[in-house]
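Peer 1: Build me a model:
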Amino acid sequence: MTGGIGMAAQNKTQPTDASVEDHLAAIADPVRRGDAIRLDALFREVTGWTPRLWGDSLVGYGRYHYRYASGREGAFLATGFAARKANLALYIMPGYTDFGDILSTLGPHKTGKACLYITRLDRIALEPLQRLIRAGLDDLARRWPVDPG
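Peer 2: Numbering: from 1, shown residues only. The predicted model follows:
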């Protein structure tokens, strides 16, 4: 059902049954593919969850359910990443809390409201990245129900 207040609107991006491993193996650029495979291992280690492919490009770990005061509700990946042509987009910061202290030790990156963009994983400090994934996930779980999805 889609619609206005009080109705559940479907998110455009939904979890699929497609193979995450096949998706990662199909990334054409060898550096981006290697980074994506390393990120998958890192996210699995930090979250303890098996990923699902959301839409055709988002590798997601867990899911959260939200319901806004407007009545709109839905579910989306709790954390994850997408290997884009220009960069790696990491969905790790729910946008509620300032993680500047961790970000300052990460290495070269750009941020959006809920995304962290990096060009290459070998330019990023992995320990702060692990802390950021965990902190973002913990922050999200304080606000919305999160499960392994």
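Peer 1: And the strands in the protein?
Peer 2: 52-54, 58-67, 73-83, 88-91, 110-111, 116-118, 146-147 (DSSP state E).
Peer 1: and the fifth one, how far out from the chain's middle?
Peer 2: The chain centroid and the centroid of strand 110-111 are separated by 14 Å, computed with Cα atoms, centre = their mean, to the nearest Å.
Peer 1: again, but for the fourth one
Peer 2: Computed by Cα atoms, centre = their mean, the chain-centroid distance of strand 88-91 equals 6 Å.
Peer 1: How about the second one?
Peer 2: The chain centroid and the centroid of strand 58-67 are separated by 8 Å, computed with Cα atoms, centre = their mean.
Peer 1: for the last one, same thing?
Peer 2: Here the centre of strand 146-147 is set off from its chain's centre by 13 Å, with Cα atoms, centre = their mean.
Peer 1: That strand pairs with which strands, parallel or anti?
Peer 2: Each strand paired with strand 146-147, and its direction, by DSSP bridges: strand 58-67 (antiparallel).
Peer 1: Go through the partner strand and flag the buried ones.
Peer 2: Leu58, Val59, Gly60, Tyr61, Gly62, Arg63, Tyr64 (16 or more other Cβ atoms under 10 Å). Every C-beta, even on glycine, is put in place using the N, C-alpha and C of the backbone.
Peer 1: Check stretch 21-38 too.
Peer 2: Those would be His23, Leu24, Ile27, Arg32, Asp35, Ala36, Ile37, for stretch 21-38 by 16+ other Cβ under 10 Å.
Peer 1: and the spatially most central residue of the chain, what are its bridge partners?
Peer 2: Centroid check for the chain by Cα atoms, centre = their mean gives Gly80 as the closest residue, at 2.4 Å. With DSSP bridges as the criterion, Gly80 is bridged to Gly60, Tyr91.
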